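Return atomic coordinates for the entry below.
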Amino acid sequence: MYKAFYGLNFDPFSKSIESKEYFRSHDFNEALSRLEFLKTARGFGLITGEPGVGKSFLLRYFVDSLNPNLFKPVYIPISTLTVMNFYRALCNGLGIIPAHKKVNMFKQIQESIYTYHHMKNITPVIIVDEAQFLTNSVLDDLRLIFNFEMDSKDYAILVLAGQTPFITQLSRQAHEALRQRIVVNYCLHGLTKDETKEYVKSRLDKAGCFEPLFTDNAHELLFSSSNGSIRTLNSLVKMCLVTGANEKLKSIDEEIVFMALNELNIVA
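Here you go, the predicted model:
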């Protein structure tokens, strides 16, 4: 209903927006530049941030940008795994039939990465999402799995992406050896106030609505309520559009935003 009322060609705040249509915030560009550097440097990368600031989309964009003739992406979204299950997930991602014993899987993984690099000229890119749930045992094994030629060579890329508490976990003395292997490290903070307004306008423009829809006060409240989170902002703006269409309003002010906040039970 709200799409027809506001003349929108599609839902501009859906999470299924294509990569090429994504809003390139300062945060996004800075994080992506780190990942681009990692493509040539190889080794370990760390991407952190609060929920909803765009970590997963950044990773999808990065994977989509990889040349399949040069890179082999392996995405592991479930990090609440035992060491054995993590090894199996890594084997499956690399196209290996996992052995029954950990020591054999370890050898399979290293041989596969070595073969990709030396025989196929392909760099495996291992991405572990929600890394804050990784156990200390898995973290200990990660630095061993990617240790080649007495830790003198990097034949793969490992990207650990997680929420900000993961930084505290890595700062413990037990993970000093792993932390020293991190080549790039970036923490996403989300949209700024100006970017929040620009993001909403750009999404509406893409969907075919070129007239100013939200008042300045409404934009202020959208920013303060979403706190930089793109996911929260998307849900809030969509509810504003639903509420505004129900009220037959062509301009959405802070009162409509408050109504949407109450509907979503988000505290401003």
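
can we go C-alpha only for contacts and neighbour counts from here?
Fine.

which residues in the stretch 1-150 of the chain form helices?
Using DSSP state H, counting those that start in this stretch, the helices found in the stretch 1-150 of the chain span residues 2-5, 26-41, 55-65, 83-93, 102-118, 136-145.

wait, which of the ones you listed is closest to residue 191?
Closest of the helices of the stretch 1-150 of the chain to residue 191 is helix 26-41, at 7.5 Å (criterion: C-alpha to C-alpha).

so which of the helices of the stretch 1-150 of the chain gets nearest residue 255?
Closest to residue 255 of these is helix 2-5 (C-alpha to C-alpha; 17.6 Å).

For the closest one, enumerate the helices and strands it packs against.
helix 230-246 (3 or more C-alpha pairs under 8 Å, 6 or more residues apart in numbering; DSSP states H and E).

Pull the distance from the helix it packs on to the chain's centre.
Distance of helix 230-246 from its chain centroid, counting by C-alpha atoms, centre = their mean, to the nearest Å, is 22 Å.

swap in stretch 108-119?
On C-alpha atoms, centre = their mean, the centre of stretch 108-119 falls 27 Å from that of its chain.

quick revisit: got JSON lines for the helices of the stretch 1-150 of the chain, with mean neighbour count and mean pLDDT too?
Formatted as JSON lines, those follow (neighbours: other C-alpha atoms under 10 Å; pLDDT from 0 to 100):
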{"stretch": "helix 2-5", "mean neighbour count": "15", "mean pLDDT": "86"}
{"stretch": "helix 26-41", "mean neighbour count": "16", "mean pLDDT": "94"}
{"stretch": "helix 55-65", "mean neighbour count": "17", "mean pLDDT": "91"}
{"stretch": "helix 83-93", "mean neighbour count": "19", "mean pLDDT": "93"}
{"stretch": "helix 102-118", "mean neighbour count": "17", "mean pLDDT": "94"}
{"stretch": "helix 136-145", "mean neighbour count": "15", "mean pLDDT": "90"}
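
out of these, nearest to residue 237?
If you check each of the helices of the stretch 1-150 of the chain against residue 237 by C-alpha to C-alpha, helix 2-5 wins as the nearest, at 11.5 Å.
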